[in-house]
Every structure is written in structure tokens, then in C-alpha cells.
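[1] Build the 3D model from these lines:
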Amino acid sequence: FSKKKLSTMSATFSTSNDKENVGQNGGVPSNLPKFTPIDLTTIAPAIGSHLPPGALKHQPQPDYLDYDQKGRGFAVTLFANTGSSYMLGIFGGGLMGLREGLANTPSSRMKVKLNSVLNHCGKYGSRAGNSLGVLSILYTFYEWVGDTYEIDRYSPLSEVPMSPVLASFATGATFKCAAGPRVSALAGVIGLSSVGITYATYGVLGIPYGKMNYIFL
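    Numbers count the residues shown, from 1 in each chain. A predicted model of the protein is given here:
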């Protein structure tokens with residue numbers, strides 16, 4: 001045979017072997033090099049091969065995790081805000097109780113001073129912690145209501161979130177609702193003013209709203 005005939009026969013033989021390998025391996029030629037860890041069955045269309053129906057049915061699929069685009073859920077936010085507020089109240093009230101206990105001790109004896117300090121720390125600390133904890137619960141609930149109904153859509157200022165504004169006013173009004181409508185409204189205005197001052201300060205300093213992930217801070 002001539003060299004031309006031999007090359008033609010070898011090309012025909014290799015082509016027939018490729019077709020057999022393609023049929024035996026689900027559309028992927030077996031004589032391709034092994035690209036570990038690449039699975040050739042997943043890139044078969046890219047190299048010109050076609051997979052039979054259902055070839056990828058039993059292949060491992062990626063697992064998708066749930067993701068809340070609005071941030072933490074209501075329960076997580078509630079526990080975080082309430083716990084942080086309670087601890088801040090205990091600490092701040094304890095410092096005030098320490099000062100009052102040392103200033104109002106009836107005797108200069110060490111045991112009497114210690115007893116006075118402990119009594120005042122427990123009194124002021126528990127009162128401040130409980131108050132801040134209740135305020136955090138109310139604020140988190142009202143803010144969650146605002147986020148659920150997406151009241152930010154009705155805000156004239158798109159860069160300022162409205163949920164903290166509503167939550168602060170409703171929290172103050174609810175917290176002092178037993179003292180009468182005037183006191184309740186005044187408490188709501190105080191809460192609203194605290195959010196307004198915070199937003200104004202953040203705007204001047206260039207700090208994004210809600211950076212600390214604690215109530216409206």
C-alpha cells in the first residue's frame with residue numbers, strides 16, 4: 001500500500017473507534033484525557049457531544065441555602081436588641097447605683113457601705129435594664145411591622161428608612177400610654193427626635209444608617 005492509502009485507513013479506523021466509544025460512554029469519547037476533577041459528562045455539550053436524556057438525573061446537585069435579603073429575621077433581631085439593651089441598662093444603672101450607694105451610705109463602716117452599694121446597684125440596675133429591655137421589644141416589633149408592609153415606599157426621602165421613624169414614635173407612645181394621651185404623645189416625640197438626631201449626625205459624618213445593627217443605630 002502507498003503512504004496515502006495507509007493514512008486514509010488509519011483515519012477511518014480511528015473515526016470508527018471514536019464513534020463506538022461515544023456510544024458506550026453516554027456521548028463522551030473515552031479516549032479523551034482525564035481532566036480531574038472535571039466531570040466530562042457536565043461539559044459534553046461544550047465539546048460537541050450530546051448526552052442521552054436523564055444522564056444528569058442522578059448526578060449530585062448543588063445545595064442552596066436560604067438567604068434573607070432584608071437581613072436578620074424577627075426573632076434573631078428581637079433577642080439581640082433585647083439582650084443588648086438589658087445588659088446596657090444593668091451596667092449603666094449599676095454605675096449610677098454605685099455612686100448613689102457611696103453618697104447615701106448611713107455609716108462609714110465597710111460592711112454598711114458595701115450593703116448600701118449593693119442595694120442601690122440592684123435597684124437602679126434592674127430598673128434601667130427592665131425599662132430598656134421593654135423599649136427594645138416594642139421598637140423591634142414596630143420596626144418589623146414597618147418592614148413587613150414596606151412603608152419605605154411612601155417616604156419622600158428615598159435614602160432615609162421610614163421603619164425606624166415609625167417604630168421610635170410608636171415605642172415611646174406605647175411605653176407611656178398609661179400616663180395619659182399628652183404624656184404618651186410627648187414620649188413618642190422624644191423617641192422620634194432621638195432617631196432624627198441620630199440620622200442627622202450620621203448624615204454629617206457620612207456613616208451609613210444601621211451600621212451597628214442595634215435598633216436604629
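
[2] CA atoms for contacts and neighbours, from now on please.
    Noted.

[3] Which of the three states applies to P156?
    Reducing the assignment at P156 to three states with DSSP: H, G, I helix; E, B strand; the rest coil gives coil.

[4] what's the model's confidence in the longest helix seen in the chain, averaged?
    Residue-count comparison of every helix in the chain, with assignments taken from DSSP state H, identifies helix 110-148 as the longest. Confidence over helix 110-148, taken as the mean pLDDT, stands at 92.

[5] And it, what does it pack against?
    Helices and strands touching helix 110-148, as assessed by 3 or more Cα pairs under 8 Å, 6 or more residues apart in numbering; DSSP states H and E, comprise helix 74-103, helix 163-175.

[6] How about that helix, which residues are buried there?
    Along helix 110-148, these residues count as buried under the neighbour rule (16 or more other Cα atoms under 10 Å): 113, 116-130, 132-147.

[7] Who are the contact partners of F74?
    140-141, 144 (Cα atoms under 8 Å, 6 or more residues apart in numbering).

[8] Could you single out the nearest of these to Y199?
    T140 (17.8 Å; Cα to Cα).

[9] ok, how many other residues are close to the closest residue to the closest one other than its chain neighbours?
    Using Cα to Cα, 6 or more residues apart in numbering and skipping residues adjacent in sequence, the residue nearest T140 is L78, 5.9 Å away. Burial of L78 is recorded as 20 neighbouring residues (other Cα atoms under 10 Å).

[10] got the contact list for L78?
    Applying Cα under 8 Å, 6+ apart, we find L78 in contact with 136-137, 140-141.

[11] Tell me the spacing between it and I137.
    The span separating L78 from I137 equals 6 Å under the rule Cα to Cα, to the nearest Å.

[12] thinking again about what came up before, just the angle between the longest helix of the chain and helix 163-175, please?
    Regarding helix 110-148 and helix 163-175, their directions subtend 130 degrees when assessed with axes from the mean of the first three to the mean of the last three Cα atoms, to 10 degrees.

[13] quick one: helix 110-148 to helix 74-103, angle?
    150 degrees.

[14] Any regions of this structure where pLDDT drops low?
    Across the chain, the stretches falling below the confidence threshold (pLDDT under 70) are 1-71, 158.

[15] Please repeat the previous calculation with a cut-off of 50.
    The chain contains residues with pLDDT under 50 at 1-16, 18-23, 25-26.
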